[in-house]
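Trainee: here is a sequence together with a model predicted from it:
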Amino acid sequence: MATGARVGHDRRVPTSRPELSSLATALTELTRRVALLAEAAAVAKDHDLATELFAVERSLTAAGRRLDRLATGNRRGR
C-alpha cells in the first residue's frame, strides 16, 4: 500500500458484526464451490489440480472459521 498502513490492523476502525457474518457466509459458499471443483478434478484423475484445490479449500475453511469467530465475538484469548 502506498500509505504504509497495515491492512486489517487498524484498531481505530470499528467492525460490523453483520458485515463480518455476511463475509463469512460468502466465504462458505466460495469454499463449497472450490471443494466441488477439487472433487471433480480428483474424479477426472487430475491429481495435481485436485491437490492444489483441496489445499485452497483447507485455507478457505480456516479463514471462514476465523471470520465466524469474529462475527460472533468468540475471539480466542479474550
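Mentor: Looks like it arrived, so ask away.

Trainee: neighbours of Leu23, how many?
Mentor: Other residues within reach of Leu23, judged by other CB atoms under 10 Å, total 17. Every residue, glycine included, has its C-beta placed from N, CA and C.

Trainee: no, scratch that, I was asking about Gly64
Mentor: 19.

Trainee: kindly report the same for Ala44.
Mentor: Other residues near Ala44 come to 10 when the count uses other CB under 10 Å.

Trainee: over to Val34?
Mentor: Look at Val34: counted by other CB under 10 Å, it has 19 neighbours.

Trainee: what helix or strand is it on?
Mentor: Using DSSP states H and E, Val34 falls within helix 17-43.

Trainee: for that helix, packing partners?
Mentor: Counting contacts by 3 or more CB pairs under 8 Å, 6 or more residues apart in numbering; DSSP states H and E, helix 17-43 is packed against helix 47-72.

Trainee: distance between the helix it packs on and the chain's centre?
Mentor: Its chain's C-alpha centre and that of helix 47-72 lie 5 Å apart, by CA atoms, centre = their mean, to the nearest Å.

Trainee: which elements pack onto it?
Mentor: helix 17-43.

Trainee: buried ones in the helix it packs on?
Mentor: Neighbour counts over helix 17-43 (16 or more other CB atoms under 10 Å) mark 20, 23-24, 27, 31, 34-35, 37-38, 41 as buried.

Trainee: and these, which is closest to Ala55?
Mentor: Distance to Ala55 across those (CB to CB) is lowest for Ala38, with 8.9 Å.

Trainee: what's the pLDDT at that closest one?
Mentor: pLDDT recorded at Ala38 is 98.

Trainee: so what's it up against?
Mentor: Residues in contact with Ala38, defined by CB atoms under 8 Å, 6 or more residues apart in numbering, are 49-50, 53-54, 56-57.

Trainee: kindly recompute the last result at 10 Å.
Mentor: 46, 49-58 (CB atoms under 10 Å, 6 or more residues apart in numbering).

Trainee: now it: closest residue in space that isn't a chain neighbour?
Mentor: Excluding the flanking residues, the one nearest Ala38 by CB to CB, 6 or more residues apart in numbering is Leu53, at 3.5 Å.
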